[in-house]
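**Student:** turn this into a structure:
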Amino acid sequence: MTRIAVVHDWLVTYAGAERVLEQILLLYPDADFFCVCDFLADTDRGFLGGRQPVTTFIQNLPGARKRYRNYLPLMPLAIEQLDVSDYDLIISSSHAVAKGVLTGPDQLHISYVYSPIRYAWDLQHQYLRESGLSRGLKGWFAKCLLHKIRLWDVRTSNGVDHFIADSKFIARRIWKIYRREAAVIYPPVDMNAFSVREQKEAFYLTASRMVPYKRIDLIVEAFKGMPDKHLKVIGDGPDFAKIQASARGFSNIELLGYIASQEMAEYMASASAFIFAAEEDFGITPVEAQACGTPVIAFGKGGSLETVRGLGRCEAKPTGLFFYEQTASSIIDAVQRFEQSNDLITAEACRVHAETFAIERFKTEFKQFVDQAWSNFHLARAA
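**Tutor:** Model (predicted):
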């Protein structure tokens, strides 16, 4: 019997990476599960199927529940302390350190990568600016730390036998950083959780965790310049108070905070369009919006170029359109273009396109990849 270990970065919320993790755990119900730390709320634990993960020493450090990211300098050490030496197959689910788990020559390690560590590589300068760490002693310390993390990140890529990227965009990033080829298997979207609504209401929607790179601030700024158009914003996070203050006094902008998935699906189905301003690795919310038959107005870089069929890009049956600068004026222009041509985008086209990202497609492709890699691994060992 093949002994399987699944390794994830950390468990703090049920978000995009955890939806992928959920399907991996369903594919391999007998696998043991490991992660750096586990602070999931009881209400979010259902997808684990009763599993209690093996965690690292980070779990018990002071303040880790709320400030686990502060322990990033210790996470490479922590992930290397997880003992998976008794397993034949290791599957890591990684956007930070999970792929760095230590494995041996008689073990097959397959890593599903959402991104190489964003804030250590091409987004480093943006991260330092937004964190106020581009200057001074703290900035110097942060830059030294990120330099060491990059060295560790490249070294540990050698311990991975096969990479799977969640988009072609991330496959290119993996090649750029590790000089390794990666297969592309898009993340799963639960089509059953979303239903199409043909008749839309007169509002635009955006939904995200409010962190700087999601650029919710830009979307709000754009609608401050369009007082005749209504925007609803779903989500919370570190930037919520700042964005709330920016929107104060503008009656056309409504911040709803965190809401449950089922209610969010209702808003998605009702919106005229979903607006997405991030340079995202894949970006699951635009696909969910299309699953509701709702067009997407997206920043034309990163994963969005693979999940949205852009109007004016010679694509049949478009499902949205793009803007190509992360500025409020570009979003305003995109909204105006959308309103002039939205009759060219149908709810049916959006739904049909979204179905290409369905759960069963992910499970089939992932299992086929793992089975083939496992077969080739055994053949190579027997040669």
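**Student:** check which helix or strand the residue nearest to Asp161 when sequence neighbours are not counted maps to.
**Tutor:** Ranked by Cβ to Cβ, 6 or more residues apart in numbering and with sequence neighbours excluded, the top spatial neighbour of Asp161 is His109, at 5.1 Å. The C-beta positions use only the backbone N, C-alpha and C, and glycine is treated the same way. For His109, the host element (DSSP states H and E) is strand 108-113.
**Student:** and that strand, what does it pack against?
**Tutor:** Strand 108-113 sits against strand 89-94, strand 162-165, helix 359-382, with contacts defined as 3 or more Cβ pairs under 8 Å, 6 or more residues apart in numbering; DSSP states H and E.
**Student:** and Ile164, what does it touch?
**Tutor:** Ile164 sits next to 110-113, 182-185, 366, 369 when contact means Cβ atoms under 8 Å, 6 or more residues apart in numbering.
**Student:** 6 Å instead, please
**Tutor:** Taking Cβ atoms under 6 Å, 6 or more residues apart in numbering, we find Ile164 in contact with 112, 183, 185.
**Student:** model confidence for it, exactly?
**Tutor:** According to the prediction, Ile164 has pLDDT 98.
**Student:** that one bridge partners, please.
**Tutor:** Using DSSP bridges, the beta-bridge partners of Ile164 come out as Tyr112, Ala183.
**Student:** how much space separates it from Ala349?
**Tutor:** Distance of Ile164 to Ala349, computed by Cβ to Cβ, to the nearest Å: 28 Å.
**Student:** go on, Gln336?
**Tutor:** Distance from Gln336 to Ala349, by Cβ to Cβ: 21 Å.
**Student:** what packs against the least confident helix or strand in the chain by mean pLDDT?
**Tutor:** Using mean pLDDT, DSSP states H and E, the weakest-scoring helix or strand in the chain turns out to be helix 124-130, at a mean of 73. Of the remaining helices and strands, none touches helix 124-130 by 3 or more Cβ pairs under 6 Å, 6 or more residues apart in numbering; DSSP states H and E.
**Student:** what about it, distance to the chain center?
**Tutor:** Mean-position distance between helix 124-130 and its chain equals 19 Å (Cα atoms, centre = their mean, to the nearest Å).
**Student:** which other residues reach it?
**Tutor:** Residues contacting helix 124-130 (Cβ under 6 Å, 6+ apart): 119, 134, 146, 212.
**Student:** ok so, going back, who's in contact with the residue nearest to Asp161?
**Tutor:** So His109 contacts 90, 103, 160-161 (Cβ under 6 Å, 6+ apart).
**Student:** same check on Ser330?
**Tutor:** Neighbouring residues of Ser330 by Cβ under 6 Å, 6+ apart: Phe323.
**Student:** make it 8 Å
**Tutor:** By Cβ under 8 Å, 6+ apart, Ser330 lies in contact with 323-324.
**Student:** now it: phi and psi?
**Tutor:** Dihedral pair for Ser330: phi -70, psi -40, per degrees, to the nearest 10.
**Student:** flag the shaky bits of the stretch 1-150 of the chain, pLDDT-wise.
**Tutor:** 130-131 (pLDDT under 70).
**Student:** which residues of it fall in helices?
**Tutor:** 16-27, 64-67, 75-80, 124-130, 136-157 (DSSP state H, counting those that start in this stretch).
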